[in-house]
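Peer 1: Got a predicted model here, sequence first, then my questions.
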Amino acid sequence: MSAISVPDVLHHARITGVGGYRPEQVVPNSEIIGPIDSSDAWIRERSGIESRHRAAPDETVVDMSEHAARAALEHAGLTADQLDGVLVATVTHPYQTPGAAPEVAMRLGSTAAAFDISAACAGYCHAISVANDMVRVGTAEHVLVVGVEKMLDFTDPEDRGSAFIFGDGAGAVIVSRSTTPGIGPTVWGSDGGQQRLITQRSSWIELREDRDLRWPAIVMEGPSVFRWAVWSMAKEAQRALDAAGVTADDLDAFIPHQANVRIIDQMAKALRLPADLPVARDIRTTANTSAASIPLAMDRMIREGEVDSGGLALQIGFGAGLVWAAQVVTIP
C-alpha cells in the first residue's frame, strides 16, 4: 500500500504587514447615554471608552475588511495574487452562508483559499494561529488575516450593560514565511459552561417563530466577565510568554483585546509588566471592536510610533464562548 506524502520540513512565519480601518462616523458617549440613563463620566469610569466609530448603514464587514486588507498588503509590499489564504475572523457578518472571506478575496483579486473563523473577540488570535500553521507546514507562503466587526448592528441601544461597549472597524495583517521565528506557540482554550456570560440574546429560529421578540443583540454579564478576564486571562497570557520562552522584561508591547481599560490595567499589573512598557489602550476612541480590536490597536501603535518594528508583542484575545487565544509575535 502506498504511503501518503507529507511535508517533512517546517518553515518559520511572521507578521509582515498590518492595516486598519475605522469608519468615518465618530459617536461620542454623549450620543448614546439617553436610552440607558447614563452619563459620559460613568461610561469613562466604568470602561475607559470616550467614543467609538459607527459604520455607515450600507457599509458591510466585507467593505471594511477590504480597506484594512489593502493597507496590510501595502505595508507588507505584496499584491493580492501572492496570497495563498484569506481568513476573516468575525461574528457580525449577517449571512449564515456564504462567509465573508471569499468575497473579500474576490474584491482584492485573489482566488486563494478563503474562510471565516467565528471565535468572537478571540477570533483574530485564533486566525493568527491557523495562518501560522499554514505557513509553517508549507500550505501557504502568505496569508491574509482580517478581524472585522460591525458590532453596532448587533447592539441593543437600550441595554445598560452593553450599549456603550461596542464599536465598528476592521484590522488586518499578513502572515508570511520567514527565515526566523516571528510567531510564538499559541495558548488557547474554551469554557462552554460559561456561554451565558456573553451571548446573543435569542436565536434566529426563535426570532422566526416569535416576531415579537426583541432583536437578538449581543448581551453580557459585565461583572462576571470582568472577573473572569482579569484573573483567568492573565494566567493564559503568562502561559503564552512561557511557551515562547520569553519574559515580561523581553516585551516591547502588550496588545490585549480592547474590552475594558480596567481589565487591561489589571492584566498588566497581574503580569508584572514593566511600568514603561507600551500597552494598547485603543479602546478609548475605538471601543470594543471584538475580533478587530487587536490588529486595530497594533496598527495604531505602529503608525503613532509607540512601538518599533522587530520588537516583541504579547497579544491575547478573549470573549464569547467563552474562548481565548494568546501568542507572542514580532512587530512588523
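Peer 2: Right, received. Where do you want to start?

Peer 1: For the closest residue to Met233 other than its chain neighbours, which residues are in contact?
Peer 2: Leaving aside its sequence neighbours, Met233 sits nearest to Phe318 (CB to CB, 6 or more residues apart in numbering; 4.9 Å). Just so you know, the C-beta spots here come from the backbone N, C-alpha and C atoms, and that holds for glycine as well. Counting by CB atoms under 8 Å, 6 or more residues apart in numbering, Phe318 makes contact with 121-122, 229, 233, 236, 257, 259, 324-325.

Peer 1: Show me the contact partners of stretch 92-101.
Peer 2: Stretch 92-101 is touched from outside by 61-62, 65, 86-88, 90, 114-116, 146, 148-151, 153-154, 204, 290, with contacts defined as CB under 8 Å, 6+ apart.

Peer 1: Just these: which are in helices?
Peer 2: When the contacts of stretch 92-101 are checked against helices (DSSP state H), the matches are 61-62, 65, 204.

Peer 1: hmm, which two among those residues are most spread apart?
Peer 2: The span of these, defined through CB to CB, is set by Ser65 and Trp204 at 22.7 Å.

Peer 1: Can you show me the strands along the stretch 51-200 of the chain?
Peer 2: For the stretch 51-200 of the chain, applying DSSP state E, counting those that start in this stretch gives strands covering 51-54, 85-89, 113-117, 142-150, 168-178, 187-190, 198-200.

Peer 1: Let's have the ones you listed in CSV, adding distance to Pro274 and mean neighbour count.
Peer 2: Formatted as CSV, the strands of the stretch 51-200 of the chain follow (distance: least, CB to CB, whole Å; neighbours: other CB atoms under 10 Å):
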stretch, distance to Pro274, mean neighbour count
strand 51-54, 29, 23
strand 85-89, 30, 29
strand 113-117, 33, 20
strand 142-150, 27, 31
strand 168-178, 25, 28
strand 187-190, 21, 18
strand 198-200, 31, 18
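
Peer 1: of the ones in helices among the contacts of stretch 92-101, buried ones?
Peer 2: Buried residues within the ones in helices among the contacts of stretch 92-101, defined by neighbour count using 16 or more other CB atoms under 10 Å: 61-62, 65.

Peer 1: If you count neighbours, what's buried in the one helix or strand in the chain whose mean pLDDT sits lowest?
Peer 2: Across the helices and strands of the chain, mean pLDDT, DSSP states H and E gives its lowest value to helix 204-209, namely a mean of 83. Counting neighbours by 16+ other CB under 10 Å, one finds that helix 204-209 has no buried residues.
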